[in-house]
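Trainee: Any chance you could fold what I've pasted below:
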Amino acid sequence: FLLSLAGICRVLGGEQGVDLDGMLANVRDNPLSYGLAFAGAVIWAAYCTVTARIAGGKNGVTLFFILVSASLWGKYLFEGGGHMVFSVEAIVYLVLAAGAMGFGYAAWNVGILHGNVTLLAGASYFIPVLSAAFASLLLRAPLSPAFWQGTAMVVGGAVLCWAATRAKPAVPAA
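Mentor: Below you'll find the predicted structure:
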């Protein structure tokens, strides 16, 4: 756990290292963003914890997406909307992003309901790395050595946690 936490700090601090005063100032400057991110993390953890228990083997992703879509369109209309620009490039990005999110949620839900949750949790450590790598390619922004060092630390921490918690083979009584 501590190795993974240190890796996250390495990624966030970059080449200049961890600056707690700077982080706190950033949180004070953007309380809504950080509050929503924290709420999202708590909601996601609760969702993953209770889904397998209350879903009864049924996949609720479709209902989830309908509710999210309705709330986002409601927000859009409530705020008076805005000018939308539709170009071929924008539509391609929209379709690709919607497909990635839809398939991602569906696959995650199937994994939570019917898969090996331990394997799924371990694999989830690598998703932010893939996301950052794809974003780096898409935005043509190279990732720093500090990012890759922090990533290696997070992966190392995940492997150590897995090794410490995996089931030990039963030793026969003599």
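
Trainee: Can you list the low-confidence ranges for the protein?
Mentor: Per-residue confidence of the chain (counting by pLDDT under 70) places the weak regions at 167, 170-171, 173-174.

Trainee: In it, which residue is most central in space?
Mentor: Residue closest to the mean C-alpha point of the chain, counted by Cα atoms, centre = their mean, is P128 at 6.1 Å.

Trainee: got the contact list for the host helix or strand of that one?
Mentor: Using DSSP states H and E, P128 sits in helix 127-139. Contacts of helix 127-139 from elsewhere in the structure, counted by Cβ atoms under 8 Å, 6 or more residues apart in numbering, are A141, P142, L143, F147, T151, V154, V155. In this view, the C-beta of every residue, glycine as well, is placed from N, C-alpha and C.

Trainee: Which one of these is nearest to R53?
Mentor: V154 (28.5 Å; Cβ to Cβ).

Trainee: close enough to count as contact, the closest one and S4?
Mentor: Yes - in this structure V154 lies within contact range of S4 using Cβ atoms under 8 Å: 4.8 Å.

Trainee: what about those two, which has more around it?
Mentor: More neighbours sit around V154 than around the other of V154 and S4, counting by other Cβ atoms under 10 Å; the figures are 22 against 19.

Trainee: the helices in the chain, which residues?
Mentor: Under the criterion DSSP state H, helices of the chain are mapped to 2-13, 20-29, 31-54, 61-78, 88-114, 117-124, 127-139, 145-165.

Trainee: returning to that earlier point: next, format the contacts of helix 127-139 as CSV and append distance to L96.
Mentor: Supplementary listing: those in CSV, determined by distance: Cβ to Cβ, whole Å:
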residue, distance to L96
A141, 19
P142, 22
L143, 21
F147, 24
T151, 24
V154, 27
V155, 27
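
Trainee: Give me the buried entries from these.
Mentor: Applying a neighbour-count criterion of 16 or more other Cβ atoms under 10 Å, the buried members of these are F147, T151, V154, V155.

Trainee: and which of those is nearest G35?
Mentor: For G35, the nearest member of the buried ones among the contacts of helix 127-139 is V154. The distance, counting by Cβ to Cβ, is 24.0 Å.

Trainee: coming back round to it: put together a markdown table for the helices of the chain, with distance to P172 on each row.
Mentor: Converted to a markdown table, the helices of the chain look like this (distance: least, Cβ to Cβ, whole Å):
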| stretch | distance to P172 |
| --- | --- |
| helix 2-13 | 34 |
| helix 20-29 | 52 |
| helix 31-54 | 33 |
| helix 61-78 | 45 |
| helix 88-114 | 33 |
| helix 117-124 | 25 |
| helix 127-139 | 40 |
| helix 145-165 | 23 |
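
Trainee: picking up where we left off before, what sits in contact with each of V154 and S4?
Mentor: Listed contacts common to V154 and S4 are Y125; contacts here mean Cβ under 8 Å, 6+ apart.
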